[in-house]
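> With the input below, show me the fold.
(one chain, ligands or ions: 2)
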Amino acid sequence: MDFAREIRVIEDFPKAGVSFKDITTLLKNGRAYHAAVEALVQAIAPWRPELIVGPEARGFLLAAPLAYALGLGFVPVRKAGKLPAATVAQTYALEYGFDTLEVHADAVRQGQRVVVVDDLLATGGTMWATANLLRKVGAEVAGMGFLIELTFLKGRDKLSDYPVFSLVQYD
Ligand SMILES: O=P(O)(O)OC[C@H]1O[C@H](OP(=O)(O)OP(=O)(O)O)[C@H](O)[C@@H]1O
Ligand SMILES: Nc1ncnc2[nH]cnc12
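Ligands and ions are numbered 1, 2, ... in the order given. Predicted coordinates:
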């Protein structure tokens with residue numbers, strides 16, 4: 001399937017100069033959504049994950065069905081202050097300023113192989129912070145899967161310690 005055809009591109013959203021990749025058009029097409037999750041399953045299964053992790057919010061839309069398809073558990077990474085039990089936090093740089101992501105301190109077993117799945121790789125800041133969180137709580141990050149990669153932002157360079165897979169690339 002040509003996944004790029006299912007993704008709507010909105011220029012100058014949320015601000016001038018940004019070419020926004022809108023996955024809602026893919027998500028509302030059942031065949032495309034199913035095929036995208038299946039393609040990610042095929043790419044990620046060889047990494048032998050024991051658990052799937054997804055960052056809030058769009059990451060949940062791919063990571064949770066992927067976990068379900070593989071018969072694995074799902075762990076959410078959330079923006080600061082959203083998770084109720086004891087957490088570990090990681091602050092990371094945004095284009096302007098900083099943000100903080102959290103995961104439950106007891107979310108993984110020591111040495112557990114986890115794969116992180118998100119909708120889109122841009123600068124890599126979100127995924128870098130997520131991987132750091134997972135290492136802090138004792139996980140082994142076995143790989144990272146994305147629906148979309150904005151190759152010109154070179155997010156992969158920040159993630160060079162890990163295998164990275166993306167289904168659709170924009171350059
Ligand atoms: O590689 P990066 O430069 O970190 O950018 C990619 C991240 O940006 C978007 O999330 P956003 O923070 O907009 O949150 P949302 O999923 O809640 O919309 C996207 O879903 C990725 O998680
Ligand atoms: N260009 C883009 N489109 C959609 N989501 C994004 N997150 C970061 N950059 C993005």
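
> Name the residues that touch the lengthiest helix in the chain?
If you go by DSSP state H, the chain has its longest helix at helix 30-44. Helix 30-44 is contacted from outside by 1, 3, 6, 26-27, 62, 65-66, 69-70, 115, 117, 143, 145, 147, 165, 167, using Cβ atoms under 8 Å, 6 or more residues apart in numbering. From N, CA and C alone the C-beta is placed, and that goes for glycine too.

> Tell me the buried residues in that helix?
Neighbour-count burial for helix 30-44 flags 32, 33, 35, 36, 37, 39, 40, 43, 44 (criterion: 16 or more other Cβ atoms under 10 Å).

> next one: stretch 86-100
Applying a neighbour-count criterion of 16+ other Cβ under 10 Å, one finds 87, 88, 90, 92 buried in stretch 86-100.

> one step back: keep only those of the contacts of helix 30-44 that are in helices.
Short answer: the contacts of helix 30-44 in helices (DSSP H) are 26, 27, 62, 65, 66, 69, 70.

> mind listing what the fifth one touches?
The reference is to residue 66. Residue 66 touches 37, 40, 41, 44, 52, 117, 145, counting by Cβ under 8 Å, 6+ apart.
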